[in-house]
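*Asks:* How does the following fold in three dimensions:
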Amino acid sequence: MEAVLQKFTEDLNKCFGEKVEGHPKPVKVIPRQTKPEGLSVLDTTLEHSSKKTRYEAMVSMTPQELFEQCCSEIKSAYDQLEHKFGWRFLTCPRSKFVEHPNVALVTSNPRGHRDYPEYPRRSQEAGSAYIIESWDGLPAGTAPLQQQVRMFFDALASRIGAGSGDMLLNESLTSHFIPFRSPGLEDIPKASVDFSKSLWAKILEFIQPKVLVVTDRDAFRAISLLLEKRLGQSPNIDEIPIGWVYQRTSKRPDYPALVRDFSPGPTLCGFPHWSRFAIFGRTQSQRQVEKIIDVLAKKLL
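*Replies:* Coordinates of the predicted model:
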């Protein structure tokens with residue numbers, strides 16, 4: 001190639017050499033310019049166009065199409081990341097994903113030491129999993145976590161005059177931040193957490209509840225950052241005690257609820273996981289619960 005360019009240069013000099021002070025001015029052949037990373041100007045334009053096209057495609061996607069895409073991506077990631085205890089996306093009907101509900105509850109991830117084929121992976125079309133499903137051999141809706149979720153919605157419904165808590169729960173979106181089942185969060189690899197962050201970045205472009213409750217600190221931080229980026233805001237984090245204190249230092253609450261009010265945007269509330277830190281129906285937490293419910297209700301009234 002260098003030899004061809006050299007010969008081409010010599011031919012140009014013979015034909016079009018320009019006299020300057022009695023000497024021919026050589027013609028310089030300039031190779032096609034490329035970016036440092038090896039992409040030509042045309043390639044760069046195409047790359048930018050491709051990214052723009054992908055973004056426009058996502059923006060024009062319907063919530064139903066997004067639901068299908070999320071399920072497909074979860075299934076693919078489940079296989080690629082070699083999970084083995086199953087996965088679960090929505091714990092409510094898919095209609096709550098596409099109808100822009102006012103309240104959303106996001107728990108950490110489904111727990112268990114095996115797959116549970118009796119529970120649907122994509123969505124629970126028969127109703128809320130917290131009401132209609134039987135967990136650990138207990139009557140439907142009575143497992144400890146189910147009771148905490150239902151009592152939370154009872155308190156919120158009572159405060160905003162929404163009928164019963166189960167009615168409000170049936171109208172709300174419920175899901176997991178990490179869709180892959182595991183015995184504990186410590187068993188979830190970083191790649192799975194990163195996948196979940198990218199999944200929810202996409203979801204939060206479409207799903208915009210007025211109140212978003214998260215029952216895991218890491219998920220709360222991740223969703224906080226995603227909302228900051230999307231909304232261009234960084235509101236303060238308010239800490240509200242929930243009546244639990246670290247046993248060895250009983251003077252300060254180590255497990256508060258965390259609240260961030262994005263305006264416009266949702267009121268985001270993060271709790272320690274209710275399966276470990278039950279607060280609803282607990283006498284020591286009653287006063288604090290009322291304060292938290294008042295804060296959340298302001299966005300719904």
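*Asks:* Quick one: classify the residue nearest to A143 when sequence neighbours are not counted as helix, strand or coil.
*Replies:* Closest residue to A143 apart from its sequence neighbours, by Cβ to Cβ, 6 or more residues apart in numbering: W135 at 3.9 Å. For glycine as for every other residue, the C-beta is placed from the backbone atoms N, C-alpha and C. Secondary structure, DSSP: H, G, I helix; E, B strand; the rest coil: W135 is coil.
*Asks:* Compute the number of surrounding residues for W135.
*Replies:* 18 (other Cβ atoms under 10 Å).
*Asks:* Tell me the pLDDT of it.
*Replies:* pLDDT, W135: 97.
*Asks:* Across the sheet, point out what pairs with L90.
*Replies:* S175 (DSSP bridges).
*Asks:* Spit out the contact partners of it.
*Replies:* K96, F97, R122, S123, Q124, L173, T174, S175 (Cβ atoms under 8 Å, 6 or more residues apart in numbering).
*Asks:* So among these, which ones count as buried?
*Replies:* Buried residues within those, counting neighbours by 16 or more other Cβ atoms under 10 Å: K96, F97, R122, S123, Q124, L173, T174, S175.
*Asks:* Where strands are concerned, which of those residues count?
*Replies:* L173, T174, S175 (DSSP state E).
*Asks:* Report the contact partners of the closest residue to P272 other than its chain neighbours.
*Replies:* Nearest residue to P272, sequence neighbours excluded (Cβ to Cβ, 6+ apart): Y255, at 4.7 Å. Taking Cβ under 8 Å, 6+ apart, we find Y255 in contact with I242, W244, V245, Y246, P272, F277.
*Asks:* Please tell me how far the last one sits from P101.
*Replies:* With distances taken as Cβ to Cβ, to the nearest Å, F277 is found 25 Å from P101.
*Asks:* With the third one instead?
*Replies:* Separation of V245 from P101 (Cβ to Cβ) stands at 34 Å.
*Asks:* before we move on, what about the second one?
*Replies:* Note on W244: its distance to P101, by Cβ to Cβ, is 29 Å.
*Asks:* who's more crowded, F277 and P101?
*Replies:* Applying other Cβ under 10 Å to F277 and P101 shows that P101 carries more neighbours, namely 21 against 17.
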